[in-house]
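S.K.: Structure for this input, please:
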Amino acid sequence: AESLHSSIGLLGISAGSLLLAVRSYSLPRAAPLIPSTALGVLLLILSSLLAYAGIRRSLRNASLFLSLCLTISVFWCGYGVIFILGGQGVLNDVGDLRDAVVPGLVTFTLALLIIAVVGFLCREVVLAMIASAVSLASAHEVAMLYSTAFGSSAVACNYMIVCLVGGYFALGRILYFLSKKKITLPGTDLSKKKTHDQVQSSSGSVNHFAVTSLILNMLSASVFGCQLLGVTGKLFIGQVPWLWAAGVYQIGTCILSYRAMDALTATFFGFTSILKFARGYCLLYPIWQPEEPYFPVPFLVVFSILFAVLALFYSLKSPVDGLYLLFYVAYCIALACRPKGLFEGGPQGVDVAIFVASALMTLIHLYNVKASAKIPTGKDAVKSLLARSSFLKLREGTDLNAPYLGYSKYADAEVLGYACSVLASFAITVTGDPQAPLSAVVIPWVVVAGGILKVLGGSVAFARGKTLESSAFILYGVLWIIWGLTRYGGLYGTTRSFHAAVGIIAFMLFNVFVVFCTLFLNIAWFLYSLTFFLITISFLLDAIHSLPAGYDIAATLIFGLVSFYCFLSALFNSIFEGSHLPMGRPIVQLSGVGGGTTRCLHLPARKASSVKRIADILKNGGTCGIPTDTVYVLVAACNRPDAVEKAHQSKRQAQDRPMSLWISSLKQLEPAKHLFTPLLWDFMEAAWPSPISLVVPRGEWVDFLGMKDSAKYVGTPQSVAIRIPDCSVTTHLIDLVGPIVVTSANPTGEADTTHHNQVYAKLGDKVDAVLCAGPSPENIASTVVDCTKIDSGNIGFFRVGIVPKSQVKSTLILFLLP
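M.R.: As a prediction, this is how the structure comes out:
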C-alpha cells in the first residue's frame, strides 16, 4: 500500500509537470499546444489524485510526502481554475493573468522551498528534488511575468526535472517488484522510511496536516499582501480560486485533524476556513454590485474574542502556536476598525505579517516532525508549570479523546460546533439593504460557520456515539444554510414568502423533540436547544415581515451567551481534568437514559492492548461488556466470586435464566475429560467453536475450572450451560483471564444488546468497561441445546438461536450412527 500510494503521488506530480512543461515550451507560439480550459481541467483531476495519495499515505505517518502532495494539489487546484477562467474569456484585460496567478506562485515558491530544505536535511532526496524543482519553476514563472528577458524555457526545464525524478522513482519501484525486492535504486526504498516514521509515530500523536494548513494560511494572506506591496495591481475575481481552494482544503484538513485526534488545531482550521471563504466572497461581489462589500462589526468583535480564547488554550499546548493565533486576533480587530478593510492598508498589513508568521511556523512544524533535533516551541514549559497546580491538571494519556460512548476514530468537534453557533447568531443582527442584499458579508458566516461547519461537527459527534447532539447540530446547520441564503442571498425579493414561514415552523416542530430529549442529557444542552427557539422565531417573524425592532439583538445575545458558555465548557473540559465548567446534570434522570454522568472505560477491540486491559479489569474483580460471535454479553472471571455476584445482581437473574460458562478451548477441560461421557465429549469437539451453548450435567468437573464460591451463581443445581465462542477476540480474552461467567448485556426481559454503545446505556455503572467492536455480527443470540440426556440419543432445545435445530441434530447423528 505504501508503494502504491507513493507511486501514484509522484507519478501524478510528474504528469502535471509534463503538462506545464509543454505549456511553457508552447508559450511563444500563436496557439498553445494545450488549450487553457483543457489544461485547467487536467490539473484539477491531477490535484484530486494527489490529495488522495497524500491522505492515504498520511495514515502511515509519511509527513513530508503528505505535505508535498497536498501542497502541489492545492497549487494545481487554484491554478487549474484560473486556466479555466482564462480559457473562458473571464481574464481578458492586460495584466489580468499576471495579477491572478502571482499570489499563488509566490506562496508556493516559498512553501515548496521550505519543504525542499527540510527534505534535504532529513535525507528525503527524491521528494526534496521534486519540491525544489517546482519551487524554481514557480519563481521563474513569476520573473517571466514581470520581465520579458526571462524566457519560458527555464520554467519548462524545471518541470522536466520533476518528470525525470518521478520517472526515476517509478523505474525504481518497478525494478523492486520485478526483482522480488533484490534490486533497489537509491532513494526509492520505502522500507527504511517506513521504519523511521513508525519509530517517530510511536513517541506520540502528531498532526501531519498542520503544515498543509499553515501553507493555506500563507496562500490566502498572499492575495492581499501582494496588493499592498505593489506586486499585483488589483484585487479581482481572478484571485478567488486561490482563496476558495484554500478554504475547501482547509475544511478538509479540519476533518483530518479530528481524525488525528487534534481537536484544538481542527477548531483553528475551521475558524480560518471561514475567513478564506469570506475573502473570496468579497472579491466575487463586484460581479453583482459596483461598490465594495462591508463586514458586520459585531461579528468581527465576537470572532476576535473566540480567536483570543482559542489562542489562550492553544498556548497550553505550545506557546509559539498560541502567539501565532494572536495574529488572527489582530486581523479581526483590524477588520472591525475598517469594515471595508480587505481593500485598505491596515488589514492588508496584518496579512503580510500572517504570511511571514505562517512561513516560519511551516518550517518549525515540518522540521520538528521529521528531524530528531527539535526547534523549541515551549511545549513542555507550560506543562511543567501546571504540574505544580492542584486546581488545574492537563488531560493526558490514551483516554484524552475517549468518546462518551464507544470507540471513535475522531476527536470531539463540539467546541467548533458551539463556536459556530456564536458566530452565526451574531450574523442575524445585520438588517441588510433590500436594494443590495449581498453588500453585507453575511452569507459566508451563516452558510460556512452556521451551516457547513456545524454539519461537520454533527457528523463527527455521530461518529463518537452522540446521536442526539449530532442530530441537533445537523438540524441547526441545515436551517442556518437555508435561512441565510434566503434572507441574505436576496431570494425573498421585495416580498416575504409564506412558504418559507411554513418551512421554519416545520423546523421548530423538530426542535421541540430535540428540547424534550435534552431533558435527559444535561442542563446546558437543554438551554442551548431551548434558546435556539428565539433564533427560529426571528426567522419566522422575518419571513412574514413582522420582525420587531431590537428582537434580533435580544435573541442574539441570549443564544450567543448560552453558546459561548457551552464553547468554553467544552474547550475547558477537553484540556483539563475534572468539570471546572460543568454542562450540568440531566433535568430528568431515568435509568438507562443518557447513561448517567459516570463513564466507564471504552476500548477498541481491534487493539491487543485493549483486550489486555479488559483482562486486567476482569482479573481484578470487574465486570465488562464484550463482543462475541453473536450479541454483546456481560462477563466476569470465574475465579472472582465477588465479580460473578456483581454480574448476577446486575441482571436480577430468574431461575430459568441462569448464567453460563465460557472457555476458549477444550484443553481447559482436558484434566476433567474422564468426568464426561465419550459421546458428550465428541459432540462438544464437533460443535465448538460456534454459537451453540451446550447444557451439560453438573458435576465435579466444575471444580477443575477454579470456580470455588462462584459456582453457586452459574447454571442450576443440576446442569450448567457451557460454550466456546467462535470469536477470536473473545477466545483470546479467555486465554488471558481463564474461564469466564457470561450473561446477556441487558436487563432481564429486554432485547439483546447489539452494539457497544448500548451496553453502558442499558447497564450504566454496573459495568466497569466495554470492549468496543461496533455492531454485532448477528442480531440473534446463540442456540442453547439440552445435552443432559445425550447418552440416550436424545437432545432438547431451550432456545433456538442463530444455529437451526437441523444443523445441531445432523452433527449428533454422525456420532450415533454405527
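
S.K.: which is the next helix or strand following the lowest-mean-pLDDT helix or strand in the chain?
M.R.: Every helix and strand of the chain was ranked by mean pLDDT, DSSP states H and E. The lowest is helix 190-201, at a mean of 47. Scanning forward in sequence from helix 190-201 by DSSP states H and E, the next helix or strand is helix 210-228.

S.K.: quick one: buried residues of the helix or strand following that next one?
M.R.: Using DSSP H and E, the helix or strand that follows helix 210-228 in sequence is helix 240-259. Within helix 240-259, the residues that count as buried by 16 or more other CB atoms under 10 Å are 240-247, 249-259. All C-beta spots, glycine's among them, are computed from the backbone N, C-alpha and C.

S.K.: pLDDT of helix 240-259, averaged?
M.R.: In this model, helix 240-259 has a mean pLDDT of 93.

S.K.: Flag every buried residue along the helix or strand hosting Ile354.
M.R.: Ile354 belongs to helix 345-370 when assigned by DSSP H and E. Buried positions in helix 345-370, judged by neighbour count with 16+ other CB under 10 Å: 346-352, 354-355, 357-359, 361-370.

S.K.: just stretch 757-771 next, same as before
M.R.: Buried-residue list, stretch 757-771, by 16+ other CB under 10 Å: 757-764, 766-771.

S.K.: Need the worst-confidence member of those residues.
M.R.: Out of the buried residues of stretch 757-771, that is Gly764, at 72.

S.K.: Flag the shaky bits of the stretch 151-300 of the chain, pLDDT-wise.
M.R.: The stretch 151-300 of the chain contains residues with pLDDT under 70 at 187-205.

S.K.: Which pLDDT does the model give Ser408?
M.R.: pLDDT, Ser408: 69.

S.K.: For the one helix or strand Leu509 maps to, enumerate the helices and strands it packs against.
M.R.: Element membership of Leu509, judged by DSSP H and E, is helix 498-518. When contacts are defined as 3 or more CB pairs under 8 Å, 6 or more residues apart in numbering; DSSP states H and E, helix 498-518 packs onto helix 467-488, helix 523-543.

S.K.: would you turn those helices into a markdown table with mean neighbour count?
M.R.: Shown next, in a markdown table, are those (neighbours: other CB atoms under 10 Å):
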| stretch | mean neighbour count |
| --- | --- |
| helix 467-488 | 22 |
| helix 523-543 | 21 |
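
S.K.: so can I have TSV of those showing mean pLDDT and distance to Leu91?
M.R.: Listed next are the helices and strands packed on helix 498-518 as TSV, based on pLDDT from 0 to 100; distance: least, CB to CB, whole Å:
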stretch	mean pLDDT	distance to Leu91
helix 467-488	87	28
helix 523-543	90	39
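
S.K.: want to throw these into TSV with distance to Arg29?
M.R.: Below are the helices and strands packed on helix 498-518 laid out as TSV (distance: least, CB to CB, whole Å):
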stretch	distance to Arg29
helix 467-488	45
helix 523-543	57
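
S.K.: So which of those helices is nearest Ile724?
M.R.: Taking CB to CB, helix 467-488 is the member of the helices and strands packed on helix 498-518 nearest to Ile724, at 34.9 Å.

S.K.: hey, C-alpha coordinates of the closest one in PDB?
M.R.: Coordinates of each C-alpha in helix 467-488 appear next as PDB, following Å, rounded to 0.1, in the frame of the first residue of the first chain:
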ATOM      1  CA  THR A 467     -26.700  10.700  18.400                       C
ATOM      2  CA  LEU A 468     -28.800  13.500  20.000                       C
ATOM      3  CA  GLU A 469     -26.100  16.100  19.800                       C
ATOM      4  CA  SER A 470     -25.300  15.200  16.200                       C
ATOM      5  CA  SER A 471     -29.000  15.400  15.200                       C
ATOM      6  CA  ALA A 472     -29.300  18.900  16.700                       C
ATOM      7  CA  PHE A 473     -26.100  20.200  15.100                       C
ATOM      8  CA  ILE A 474     -27.100  18.900  11.700                       C
ATOM      9  CA  LEU A 475     -30.700  20.200  12.000                       C
ATOM     10  CA  TYR A 476     -29.500  23.700  13.100                       C
ATOM     11  CA  GLY A 477     -26.800  23.700  10.400                       C
ATOM     12  CA  VAL A 478     -29.300  23.000   7.600                       C
ATOM     13  CA  LEU A 479     -31.600  25.700   9.000                       C
ATOM     14  CA  TRP A 480     -28.800  28.300   9.000                       C
ATOM     15  CA  ILE A 481     -27.900  27.500   5.400                       C
ATOM     16  CA  ILE A 482     -31.500  27.700   4.100                       C
ATOM     17  CA  TRP A 483     -32.400  30.800   6.000                       C
ATOM     18  CA  GLY A 484     -29.100  32.600   5.400                       C
ATOM     19  CA  LEU A 485     -29.300  32.000   1.600                       C
ATOM     20  CA  THR A 486     -32.900  33.100   1.600                       C
ATOM     21  CA  ARG A 487     -32.600  36.300   3.600                       C
ATOM     22  CA  TYR A 488     -29.100  37.500   2.700                       C
END
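
S.K.: mind checking how far that helix is from the chain centre?
M.R.: 20 Å (CA atoms, centre = their mean, to the nearest Å).

S.K.: Quick one: residues contacting the residue nearest to Ile722 when sequence neighbours are not counted.
M.R.: The shortest distance from Ile722 to any non-neighbouring residue, by CB to CB, 6 or more residues apart in numbering, is to Leu661 (4.8 Å). Under the criterion of CB atoms under 8 Å, 6 or more residues apart in numbering, the neighbours of Leu661 are 638, 705, 714-715, 720-723, 739-742.

S.K.: Could you single out the nearest of those to His732?
M.R.: Ile740 (12.1 Å).

S.K.: Could you double-check that the closest one lies in contact with Ser664?
M.R.: No - the pair Ile740 / Ser664 is not scored as a contact, 9.1 Å apart, by CB atoms under 8 Å.

S.K.: Which residues are in contact with each of these two?
M.R.: Joint contacts of Ile740 and Ser664 (CB under 8 Å, 6+ apart) are Ile734.

S.K.: okay, the two: which has more neighbours?
M.R.: For Ile740 versus Ser664, the count of surrounding residues by other CB atoms under 10 Å is larger for Ile740: 27 against 20.

S.K.: Leaving out the residues flanking it, which one is nearest to Ala156?
M.R.: Ser24 (3.8 Å).

S.K.: typo on my end, it should be Ser782
M.R.: Ser782 sits nearest to Pro691 (CB to CB, 6+ apart), 4.1 Å away.

S.K.: any idea how far Cys727 is from the one you found?
M.R.: 9 Å (CB to CB, to the nearest Å).

S.K.: Overlap in contacts, these two.
M.R.: 628-629.

S.K.: quick revisit: run the chain-centre distance for the helix holding Ile354.
M.R.: 25 Å.

S.K.: Touching, Ser719 and Gly699? I think so.
M.R.: No - counting by CB under 8 Å, Ser719 does not reach Gly699; the two are 9.7 Å apart.

S.K.: In terms of neighbours, single out the busier of the two.
M.R.: A side-by-side neighbour count of Ser719 and Gly699, using other CB under 10 Å, places Ser719 first with 18 against 13.

S.K.: who's in contact with that one?
M.R.: So Ser719 contacts 695-698, 786, 788 (CB under 8 Å, 6+ apart).
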